[in-house]
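*Asks:* what follows is a predicted protein model with its sequence.
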Amino acid sequence: MDVYYIPTVFFTLFFVVDPLGLIPVFLMYLSGYRDSKRKWIIFRSILISTGVSVFFILLGKYLLRFLGISSGSFLVAGGILLFIIAMEMLLGQVSRVKMRFIGDGESPEEDRDVSVFPLAIPMLCGPGNIAALVMFSTQAGGDIVKVMIIMIVSVTVFIIAMLVMFFSGYIGSALGDTGISIIQKLMGLILSAMSVQFIRNGLSELGIIR
C-alpha cells in the first residue's frame with residue numbers, strides 16, 4: 001500500500017467536509033438551543049453522518065456497477081465535483097450545494113431538530129463527501145485493509161467535526177473571520193490539486209491518457 005494513501009484519504013475527506021469553514025453555519029444553527037439539547041444534536045448528527053458514510057463505503061461500488069458506471073467515469077465526475085468545491089473554498093464561499101439546503105439563515109426554534117437536516121445532510125455528509133468515499137472505496141476494490149482505513153479515517157474526520165461544533169464559538173473567536181478564511185483558502189488550494197489528480201486517474205483508467 002502506498003505510504004501516502006492514508007494522508008490522501010484523510011485530507012481529501014477533511015477538506016471536503018470543511019468543518020472550519022462551516023463554523024458560521026454551526027453557530028447559526030446551534031445557538032438557539034439549551035446546552036444539553038445542543039450536545040445531543042451534535043452527537044446525533046455525527047452518528048447519522050457516520051452511518052451514511054459507512055453505507056456508501058460498503059455499497060457505493062456495487063451501486064455504480066448496478067448503474068453500469070465505470071470506476072474511471074466516476075473518478076472523473078467525482079474529481080470535477082471536488083474541484084468545484086475547492087474553487088468555492090478558494091473564493092471563501094460555503095458550497096452552493098450545501099447552502100441550497102440550509103434555508104433562510106434564521107435560528108431554529110427550540111423544538112426543531114436540525115441534527116439530520118441540515119447538519120448531518122448535507123453539511124457534514126454532502127455530495128462531495130459521498131463522491132469522495134465512493135471513489136476511494138471503488139479504488140480499494142476487494143482490499144479489506146483499505147476499506148477499513150477509509151472507514152476509520154471517515155470516522156476520525158467526523159470526530160474532528162464534532163469537536164469543532166462543540167467549540168465553534170471559541171474557535172471562531174480565536175481565529176476570527178480572517179484566520180478561518182486563510183485556512184479555508186489553503187485547504188481549497190490543496191483540494192483543487194488533489195481533485196485534478198482524481199480526474200487524471202479516471203482518464204487514465206478510461207484509456208484516454210497514459
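*Replies:* Received it, and whenever you're ready, just let me know what you need.
*Asks:* hey, let's count contacts and neighbours off CA atoms from now on
*Replies:* OK.
*Asks:* how many neighbours does Thr156 have?
*Replies:* 16 (other Cα atoms under 10 Å).
*Asks:* how close does it sit to Asp18?
*Replies:* Counting by Cα to Cα, to the nearest Å, the gap between Thr156 and Asp18 amounts to 13 Å.
*Asks:* ok, for Glu205, nearest residue in space, not its chain neighbours?
*Replies:* What sits nearest to Glu205 in space, not counting adjacent residues and going by Cα to Cα, 6 or more residues apart in numbering, is Gly72, at 5.1 Å.
*Asks:* and the gap between the one you found and Leu163?
*Replies:* Taking Cα to Cα, one finds Gly72 at 35 Å from Leu163.
*Asks:* now the longest helix belonging to the chain: buried residues?
*Replies:* The helix spanning the most residues in the chain, taking DSSP state H as the definition, is helix 168-205. Neighbour-count burial for helix 168-205 flags 168, 172, 180-181, 183-185, 187-189, 191-192, 194-196, 198-203, 205 (criterion: 16 or more other Cα atoms under 10 Å).
*Asks:* helix or strand next in line after the lowest-mean-pLDDT helix or strand in the chain, which one?
*Replies:* Here the helix or strand of the chain ranked lowest by mean pLDDT, DSSP states H and E is helix 96-99, holding a mean of 55. Counting by DSSP states H and E, the next helix or strand C-terminal to helix 96-99 is helix 127-140.
*Asks:* got any ranges where the chain has weak pLDDT?
*Replies:* Residue ranges of the chain with pLDDT under 70: 1, 93-112.
*Asks:* now stretch 9-16: how far from the chain's centre is it?
*Replies:* Taking the mean of its C-alpha atoms, stretch 9-16 sits 7 Å from the chain's own mean (Cα atoms, centre = their mean, to the nearest Å).
*Asks:* for that stretch, list the C-alpha coordinates in CSV.
*Replies:* Extracted C-alpha coordinates of stretch 9-16, given in CSV (Å, rounded to 0.1, in the frame of the first residue of the first chain):
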residue,chain,number,x,y,z
VAL,A,9,-7.8,9.8,2.2
PHE,A,10,-7.7,11.9,5.3
PHE,A,11,-7.0,15.3,3.8
THR,A,12,-9.5,14.8,0.9
LEU,A,13,-12.3,13.9,3.3
PHE,A,14,-11.3,16.6,5.8
PHE,A,15,-11.1,19.3,3.2
VAL,A,16,-14.5,18.3,1.6
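*Asks:* residues in contact with it?
*Replies:* Here stretch 9-16 makes contact (Cα atoms under 8 Å, 6 or more residues apart in numbering) with 82, 85-86, 128-129, 132-133, 136, 150, 153-154, 157, 187-188, 191, 194.
*Asks:* now stretch 78-89
*Replies:* Stretch 78-89 has contacts (Cα under 8 Å, 6+ apart) with 16, 94-95, 128, 131-132, 135, 184-185, 187-189, 191-192, 195-199.
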